[in-house]
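In: Here is my input, please return the structure:
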Amino acid sequence: MSAEAVYFHQDYLRVPDGADLYYQVTGDGEPGVVLCDGLGCDGFAWKYLAPYLSRRHRVLRWHYRGHGRSGIPEDRERIGMLYTCDDLQRVMDAAGMERAVLFGHSMGVQVALEFHRRYASRVAGLVLLCGSYGNPLDTFHDSNVLKKLFPSLRRVVERFPEQSARLIHAALRTELAVQLAISLEMNRERIARNDLSQYFEHLARMDPVVFVRTLDSLSEHSAWDHLLHVDVPSLVVAGGRDKFTPGWLSRKMAARIPEAELVLIPDGTHTAPLEAPGLVEVRVERFLRERLGGPSHPSPPDGQGRNSSPTRPGG
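Out: Below you'll find the predicted structure:
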C-alpha cells in the first residue's frame, strides 16, 4: 500500500425529522463507492473491503437511523426502508457524491435495490453481497419459523423496551453468544474471533425497539418486481453456506437482473467478506475495472491477492 496518507473526512448530517446521521468519506478516485450495512451493523462487514477500495476509490460509509453513531428521529415511528433511502440520498448530497456504485451487505442489498428503484440516476452500479431482494424472514434458514415468531417478539420488545434491552445487552456480551454464532452461522475455519467483536459490541448497545422496527420494515419489503428493471452493471456475491440469506436467493436474484454477474464462495457464510477477503477483493476489483471503467492495474489470480481468510487468533 502507498505510504501516502489516504483522504479521510467524517461528519454528521441532521435530517428534517431530527435524526443525526453519521457518515465518513475515505480515499479518492472514480467510480465512487457507497457501502450499505446489514441490520444491526455499523460497518463490521467492511473491515477488509473498505480500506482496500479506499486505495483507488472514493468510499462513503454511513450509519442508518439508530445504528452506530447515527441518532434516532424525534418520531420513533420514522424507521424503515423508505426513510433509509431518503437518508442515503441526503448523505450522498452532503458528501458531494452525485453518482456511485452501491455496495450492500445483508439488509444493505435491499437498501441498494430500493434506492435504485427510487433514485436510479444516482446509481452507477450494484455490488450485492450475501443478501436478499426482499422478505428475508420468509427464507431465514430456509424456513418461515422466524416469520411466525417475529410478531410476538416485536410485541414483547415494544411493550417492555427497557427490560428487553437489559436482557439482550447482557446476553450478547457473553463469550457464549459469540461462540454459538460462530459455530451455528459461520465458517469456524475462516472467521476470526476479533472480526466479530465490533458486531456484538454494537448490537449489545443498540436500542431493541429500533432493531425490531427496522426488521419489520425489511420483512414487508421486496424488490423482486424491480430486478428486471435494474439497468446498471451488477455483481452478486453469495456464500454457499449462508443460512441467513441462503445462496439460492442470490442465484435467483442474479438470474433475474439483466446481465448480472454471480460469484459463489462455496465455503462462505453470511460473513463471506470477512471469511474470504482476498477472493472478494479480486472479484470486486475486476468488476469495477471491466464493467465500470475503474482504475487499471495488475491483479493476482483469484483469491491470491491476500490470504483468502484471516488467521484466527488462538488457532
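
In: which stretches of this protein have low pLDDT?
Out: 1-4, 296-315 (pLDDT under 70).

In: What are the boundaries of the helices in it?
Out: 49-54, 81-94, 107-118, 145-159, 161-172, 175-185, 193-205, 208-219, 247-256, 272-275, 277-292 (DSSP state H).

In: Ok, which of these comes nearest residue 20?
Out: Nearest of the helices of the chain to residue 20, taken as Cβ to Cβ: helix 81-94 at 10.9 Å. C-beta: built from backbone N, CA, C; applies to glycine.

In: follow-up on the earlier one: would you mind giving the helices of the chain as TSV with mean neighbour count and distance to residue 241 added?
Out: Compiled in TSV, the helices of the chain are given as follows (neighbours: other Cβ atoms under 10 Å; distance: least, Cβ to Cβ, whole Å):
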stretch	mean neighbour count	distance to residue 241
helix 49-54	21	19
helix 81-94	19	27
helix 107-118	26	18
helix 145-159	13	18
helix 161-172	14	23
helix 175-185	13	9
helix 193-205	17	16
helix 208-219	20	22
helix 247-256	19	8
helix 272-275	27	9
helix 277-292	20	14
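
In: Those: which one's closest to residue 75?
Out: helix 81-94 (10.2 Å).

In: gap between that closest one and the chain center?
Out: 15 Å (Cα atoms, centre = their mean, to the nearest Å).

In: Against which helices or strands is it packed?
Out: With contacts defined as 3 or more Cβ pairs under 8 Å, 6 or more residues apart in numbering; DSSP states H and E, helix 81-94 has these neighbours: strand 8-14, strand 20-26, strand 33-36, strand 59-62, helix 107-118.

In: Just the CA atoms of the longest one, as PDB, please.
Out: Same thing as helix 107-118. Provided in PDB are the C-alpha atoms of helix 107-118 (Å, rounded to 0.1, in the frame of the first residue of the first chain):
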ATOM      1  CA  MET A 107     -30.000  -5.700   4.600                       C
ATOM      2  CA  GLY A 108     -27.900  -3.400   2.500                       C
ATOM      3  CA  VAL A 109     -28.800  -5.400  -0.600                       C
ATOM      4  CA  GLN A 110     -32.500  -4.400  -0.100                       C
ATOM      5  CA  VAL A 111     -31.400  -0.800   0.600                       C
ATOM      6  CA  ALA A 112     -29.300  -0.700  -2.600                       C
ATOM      7  CA  LEU A 113     -32.100  -2.200  -4.800                       C
ATOM      8  CA  GLU A 114     -34.800   0.000  -3.400                       C
ATOM      9  CA  PHE A 115     -32.600   3.100  -3.800                       C
ATOM     10  CA  HIS A 116     -32.000   2.200  -7.400                       C
ATOM     11  CA  ARG A 117     -35.800   1.900  -7.900                       C
ATOM     12  CA  ARG A 118     -36.300   5.400  -6.400                       C
END
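
In: Could you name the helices and strands sitting against that helix?
Out: Counting by 3+ Cβ pairs under 8 Å, 6+ apart, helix 107-118 packs on strand 33-36, helix 81-94, strand 100-105, strand 123-129, helix 208-219.

In: Now the closest residue to residue 83 other than its chain neighbours: phi and psi?
Out: With Cβ to Cβ, 6 or more residues apart in numbering as the criterion, residue 83 has its nearest non-adjacent residue at 6.6 Å, and that residue is residue 65. Main-chain dihedrals, residue 65, degrees, to the nearest 10: phi -50, psi 130.

In: Any idea how many residues pack against residue 65?
Out: When counting by other Cβ atoms under 10 Å, one arrives at 23 neighbours for residue 65.

In: residues touching residue 292, list them.
Out: Each residue near residue 292 by Cβ atoms under 8 Å, 6 or more residues apart in numbering is listed here: 31, 101, 124-125, 233.

In: So what does residue 258 have for phi and psi?
Out: phi -60, psi 130.

In: Would you confirm that it contacts residue 226?
Out: No. Using Cβ atoms under 8 Å, residue 258 is not in contact with residue 226, being 11.8 Å away.

In: more neighbours, those two?
Out: The neighbour count for residue 258 versus residue 226, taken as other Cβ under 10 Å, is higher for residue 226 (18 against 12).

In: mind checking how far that one is from residue 124?
Out: From residue 226 across to residue 124, the span is 17 Å (Cβ to Cβ, to the nearest Å).

In: cool, residue 145 as well?
Out: With distances taken as Cβ to Cβ, residue 145 is found 39 Å from residue 124.
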